[in-house]
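Visitor: Turn this into a model:
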Amino acid sequence: MAEKNYYDILGVKKDATDAEIKKKYRKLVRQYHPDVSDDPDADNKIAEINNAYETIRDKDKRRKYHRSENRHRHKLDLRQTDL
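Guide: Presented below is the predicted three-dimensional model:
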C-alpha cells in the first residue's frame, strides 16, 4: 500500500499558505476528534492528521519532506525505466 501524501491527508495544495494549512487542520481535528466523531477509526485519523500537520507546518520539516518525497519519486521513475 502506498504511503499517503501529507498534503492529501490535510486536503491542501503543496503551495498552500500557513493560514490555509492551519484552517484546514483545525477543521479536520474538529471533524474527527474521538469525543465528537462516530467514526470507529477516528483515533487513527487524528494521529495521521496530526503527523501531517506537524510536518508541513514547520518550514524545516516541510523542506525535508519535499526532498524525501522527490527522492522517492525519482527512485520510482528509475525503476519504471528499467522495465
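Visitor: And the average pLDDT for stretch 32-50 is what?
Guide: Mean per-residue pLDDT for stretch 32-50: 93.
Visitor: do the same with stretch 4-23
Guide: Computed over stretch 4-23, the average pLDDT equals 94.
Visitor: Tell me the buried residues in it?
Guide: 6-7, 9-10, 12, 16, 21 (16 or more other C-beta atoms under 10 Å). Yep, even glycine has a C-beta here, placed from its N, CA and C like the rest.
Visitor: contacts for that stretch?
Guide: With contacts defined as C-beta atoms under 8 Å, 6 or more residues apart in numbering, stretch 4-23 is touched by 24-25, 28, 48-49, 51-53, 55-57, 65-66, 69.
Visitor: buried subset of those?
Guide: Buried members of those, counted by 16+ other C-beta under 10 Å: 24-25, 28, 48-49, 52-53, 56, 65.
Visitor: any chance of the residues you listed in JSON lines, with distance to D39 too?
Guide: Output for the buried ones among the contacts of stretch 4-23, formatted as JSON lines (distance: C-beta to C-beta, whole Å):
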{"residue": "K24", "distance to D39": "18"}
{"residue": "Y25", "distance to D39": "17"}
{"residue": "L28", "distance to D39": "12"}
{"residue": "E48", "distance to D39": "12"}
{"residue": "I49", "distance to D39": "12"}
{"residue": "A52", "distance to D39": "17"}
{"residue": "Y53", "distance to D39": "18"}
{"residue": "I56", "distance to D39": "23"}
{"residue": "Y65", "distance to D39": "26"}
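Visitor: tell me the two of those that are most distant?
Guide: Farthest pair in the buried ones among the contacts of stretch 4-23 (C-beta to C-beta) is L28 and Y65. Separation: 18.2 Å.
Visitor: now for the buried residues of stretch 4-23, which pair is the farthest apart?
Guide: Maximum pairwise distance among those (C-beta to C-beta): 12.6 Å, between I9 and A16.
Visitor: In space, what's closest to K61 - neighbours in sequence excluded?
Guide: T55 (4.8 Å; C-beta to C-beta, 6 or more residues apart in numbering).
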